[in-house]
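Peer 1: Would you be able to build a 3D model of this:
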Amino acid sequence: MYRPLRVLRIAPAPVLLLTACTSQAASSDGTAPSPSATRPSGQATQEKQLTSQVETALGLTTGAHSGSFVESGVERVSEGIHTRPELTDGAYRLSLVCAGGGAATTVITAPGTPTTKRLPCDQSLDSEHLTGGRSFRIDVVGAPGATGVVAWRIDRT
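Peer 2: Presented below is the predicted three-dimensional model:
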């Protein structure tokens, strides 16, 4: 037996859910949210600018990497860099740049030879030579109060 009333009882539920989801986008007085609510904050805008600067400094924005390019990345100084690149036998160059405020500490750990260096967040480029074929750990940790972004790039030399 066909029961059309059962269908009508079920149908309004999705409509109510859809209405509830869309009504949250409006403010309590029924108007749309202000454009400033959807604009990125000053900190996000500054972070994007700093990211662009460090990517340019390392040549990451050109899109045309030579055959020597291995890996790269950009992180917030507060989050740091923590990577374990897989480097086959050969010579490599690790390039680092930090932009923002304060400084970070770079620690390159290879079997038996940890290297620690200060990396100022003043957009100056720093590089280290690495020898592949062994396990590496690269950590860049922001000093207390350091802000901005840090980028790295590894190339085969």
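Peer 1: make it CA atoms for all contacts and neighbour counts henceforth
Peer 2: Will do.
Peer 1: From the rest of the structure, what touches the helix ranked longest in the chain?
Peer 2: Across the chain, the longest stretch assigned as helix under DSSP state H is helix 42-57. Here helix 42-57 makes contact (C-alpha atoms under 8 Å, 6 or more residues apart in numbering) with 61-62, 74, 97-100, 123, 125, 148-151.
Peer 1: Would you mind listing the buried residues in it?
Peer 2: Judged by neighbour count (16 or more other C-alpha atoms under 10 Å), helix 42-57 contains these buried residues: Glu47, Leu50, Thr51, Ser52, Gln53, Val54, Glu55, Ala57.
Peer 1: got those residues as a markdown table, with pLDDT columns?
Peer 2: Below are those laid out as a markdown table (pLDDT from 0 to 100):
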| residue | pLDDT |
| --- | --- |
| Glu47 | 89 |
| Leu50 | 93 |
| Thr51 | 91 |
| Ser52 | 91 |
| Gln53 | 90 |
| Val54 | 91 |
| Glu55 | 89 |
| Ala57 | 88 |
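Peer 1: okay, these in TSV with distance to Gly142 next?
Peer 2: Putting the buried residues of helix 42-57 into TSV (distance: C-alpha to C-alpha, whole Å) gives the following:
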residue	distance to Gly142
Glu47	15
Leu50	15
Thr51	16
Ser52	19
Gln53	18
Val54	16
Glu55	18
Ala57	19
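Peer 1: Between these, which sits nearest Leu87?
Peer 2: Glu55 (22.1 Å; C-alpha to C-alpha).
Peer 1: any idea how far that closest one is from Thr116?
Peer 2: Separation of Glu55 from Thr116 (C-alpha to C-alpha, to the nearest Å): 23 Å.
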